[in-house]
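**Student:** Show me how the following folds:
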Amino acid sequence: MPELPEVETTRRGIEPHILHHSVEKVVIRQPKLRWPVPDNLANLIEHQLIEGVFRRGKYLLIDVGQGVILIHLGMSGSLRIVEQGTPVAKHDHADFCLSSGRLMRFTDPRRFGAILWQAKNEMHPLLARLGPEPLTEAFNAQSLFLKCQGRTQAIKTFLMDSQVVVGVGNIYANEALFAANIDPQKAAGLLSIQEIERLTQEVKRILTYAVERGGTTLRDFVGGDGKPGYFQQELYVYGRKGLPCKVCKNILVEVRMGQRSTVFCKVCQH
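**Tutor:** Reported below is the predicted structural model:
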């Protein structure tokens with residue numbers, strides 16, 4: 001699933017091609033995504049100027065003045081800038097035809113993504129309860145330590161809760177916990193302030209680096225410019241079950257937590 005770095009990579013990839021251009025036409029081929037595409041979406045955004053391209057958690061927000069187009073890439077979605085006349089493939093569910101003559105195309109084989117609408121001066125319910133952005137000062141050791149107090153939930157699943165902090169999905173939770181030397185199964189409430197400080201630092205460092213490297217290349221993900229990310233080759237634990245730890249050479253183990261794969265080192269993480 002595209003996580004924060006992949007979504008940020010997409011945002012940076014599409015922004016230069018759509019900002020300050022107007023949406024001349026909207027073509028919705030498949031309205032049945034994770035949530036139905038609003039019936040009146042075309043009426044709301046056609047001939048509107050794109051004034052900003054933002055990200056909130058894993059959501060892309062395209063500001064057209066009178067409201068925001070809210071896009072989620074789901075598990076396999078992507079946005080690409082293509083030329084007019086580019087053949088439409090099976091899973092190309094929507095085109096936003098721009099005044100530049102190009103198209104912003106939404107593709108989603110599994111249809112777990114979303115194209116929604118947020119009216120001006122309103123907050124969409126999906127955004128209303130999101131936690132702080134991990135790459136801002138609002139996400140810090142002291143605030144996370146306070147949230148952890150008394151919590152018996154495993155720190156890995158706690159860290160992936162979007163009400164605690166947004167955008168830290170499975171891949172980067174695995175990697176940050178390894179870098180911070182913390183057992184992903186440890187109860188959040190048992191972490192010391194020193195461990196929380198290491199964890200917040202590593203979350204910020206790894207996400208920042210992953211954004212710079214273009215995100216993590218998954219089978220279904222490419223950046224907004226059509227090029228894949230390059231972070232996967234540098235992963236320490238995610239997807240490396242049964243391989244030797246890059247630090248201590250102990251064999252990495254895998255457990256299921258919250259129905260997600262969790263790979264860690266029993267020697268390095270405690």
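**Student:** Quick one: distance of stretch 238-258 to the chain centre.
**Tutor:** Per C-alpha atoms, centre = their mean, to the nearest Å, the displacement of stretch 238-258 from the mean C-alpha position of its chain is 23 Å.
**Student:** first to last residue in that stretch, what's the distance?
**Tutor:** End-to-end distance for stretch 238-258: 16 Å, by C-alpha to C-alpha, to the nearest Å.
**Student:** model confidence over it, on average?
**Tutor:** Stretch 238-258 shows a mean pLDDT of 96.
**Student:** same deal with stretch 192-210?
**Tutor:** Stretch 192-210 comes out with an average pLDDT of 96.
**Student:** Flag every buried residue along it.
**Tutor:** Residues of stretch 192-210 classed as buried under the neighbour-count rule (16 or more other C-beta atoms under 10 Å) are Glu195, Ile196, Glu197, Arg198, Leu199, Thr200, Glu202, Val203, Lys204, Ile206, Leu207, Ala210. The way it works is simple: take the backbone N, C-alpha and C, and place the C-beta from them, glycine included.
**Student:** likewise stretch 51-68?
**Tutor:** By neighbour count on 16+ other C-beta under 10 Å, the buried set for stretch 51-68 is 53, 55-64, 67-68.
**Student:** And stretch 88-97, by the same measure?
**Tutor:** Applying 16+ other C-beta under 10 Å to stretch 88-97 flags His91, Asp92, His93, Ala94, Asp95, Phe96, Cys97 as buried.
**Student:** where exactly do the strands run in the stretch 1-150 of the chain?
**Tutor:** Per DSSP state E, counting those that start in this stretch, the stretch 1-150 of the chain carries strands over the ranges 22-28, 48-49, 52-56, 59-63, 67-72, 78-83, 92-98, 102-107, 114-119.
**Student:** so where's the stretch 1-150 of the chain uncertain?
**Tutor:** The model of the stretch 1-150 of the chain has pLDDT under 70 over residues 1.
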